[in-house]
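1. pasting the sequence and the predicted model now:
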Amino acid sequence: MKWIGNRRLALAAVGAAHVVWMGLAFGPLGAQTVISADGMIESTSGGFKFPDGSVQGSAAVAGSAPVEDTGVDATQCFDEDGNSRSCTGTGEDGELQRGVTWPTPRFSDKLDGTVRDNLTRLIWLQDANCPSATKIWQAALDWVDDLNTMSIACTNYTAMTYSDWRLPNIKELLSLVDYGELNPALPLWHPFMDVQSSFYWSSSSVVETPRGQLGS
């Protein structure tokens, strides 16, 4: 994904030590709504450099996105044994339902093989398993480079339509999650295709896993 002025993301699903790729992208954001720069490793004259080598202009990371609604509603509270219970007085997400309210619709199909998240303004590749294969973290990063420079087509996406894809950081990846759903944990009526029941790679790294942190 291109980091100067806009954000287009490519996602990868993980099985064992490998990943199944899901392409993702995102378009221009105002500074006041940009997700914080998780994974930043150094400051450069052009902005901030990320683990995958991409650079985000400093103006674009001047602000951070408010915390979004988890998606959990007032019918989804549980006791310590996992039994359903009334949300009243629990202090759980189902009772409080805080966070930024999701727009309607949450996602818009851009009709070019990409999907716009109207909450975060991130744009994702609609085909959630474009590579149709598993990859280790570095191979996942390399695949995104190939998506930008080679004739790789995905379902509904014409090769080389965009040339600024990148792997999302962990916060961008988690912004898709609806904690009130499972298999997949995505908002109802999402427009993604061939979503994998697996973990997905992010570009973020941690001390325990320096080659890439897994996100779900």
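-> Nice, thanks for sending it over. Residues are numbered from 1 along each chain as shown.
2. make sure residue 172 is indeed in a strand.
-> No - counting by DSSP: H, G, I helix; E, B strand; the rest coil, residue 172 is located in no strand; its state is helix.
3. residue 88 against residue 96, yeah?
-> No - counting by Cβ atoms under 8 Å, residue 88 stays clear of residue 96, with 11.2 Å between them. Bear in mind the C-beta positions are built from the backbone N, C-alpha and C, glycine included.
4. more crowded one of those two?
-> residue 96 (13 against 9; other Cβ atoms under 10 Å).
5. per-residue pLDDT, that one?
-> Confidence at residue 96, expressed as pLDDT, is 82.
6. now do residue 113
-> 95.
7. for it, phi and psi?
-> Per-residue torsions, residue 113: phi 90, psi 10 (degrees, to the nearest 10).
8. which one is it nearest to, not counting chain neighbours?
-> The shortest distance from residue 113 to any non-neighbouring residue, by Cβ to Cβ, 6 or more residues apart in numbering, is to residue 157 (2.6 Å).
9. so what does residue 154 look like in phi/psi?
-> According to degrees, to the nearest 10, residue 154 has phi -120, psi 170.
10. roughly how far does it sit from residue 163?
-> Residue 154 is 14 Å from residue 163, where distance means Cβ to Cβ, to the nearest Å.
11. who has more neighbours, these two?
-> residue 154 (25 against 11).
12. name all residues that make contact with that one.
-> Going by Cβ atoms under 8 Å, 6 or more residues apart in numbering, residue 154 touches 23, 113, 125, 126, 127, 130.
13. tell me what the longest helix along the chain is packed against?
-> Ranked by number of residues, the top helix in the chain under DSSP state H is helix 137-149. Applying 3 or more Cβ pairs under 8 Å, 6 or more residues apart in numbering; DSSP states H and E, we find helix 137-149 packed against strand 18-22, strand 165-166.
14. hmm, who's touching stretch 82-102?
-> 65-79, 119, 179, 187.
15. and the residues you listed, which are buried?
-> Among those, those scoring as buried are 65, 68, 69, 70, 71, 72, 76, 77, 119, 187 (criterion: 16 or more other Cβ atoms under 10 Å).
16. nearest to residue 167, out of these: which one, please.
-> When the buried ones among the contacts of stretch 82-102 are compared for distance to residue 167 (Cβ to Cβ), residue 65 wins out at 18.7 Å.
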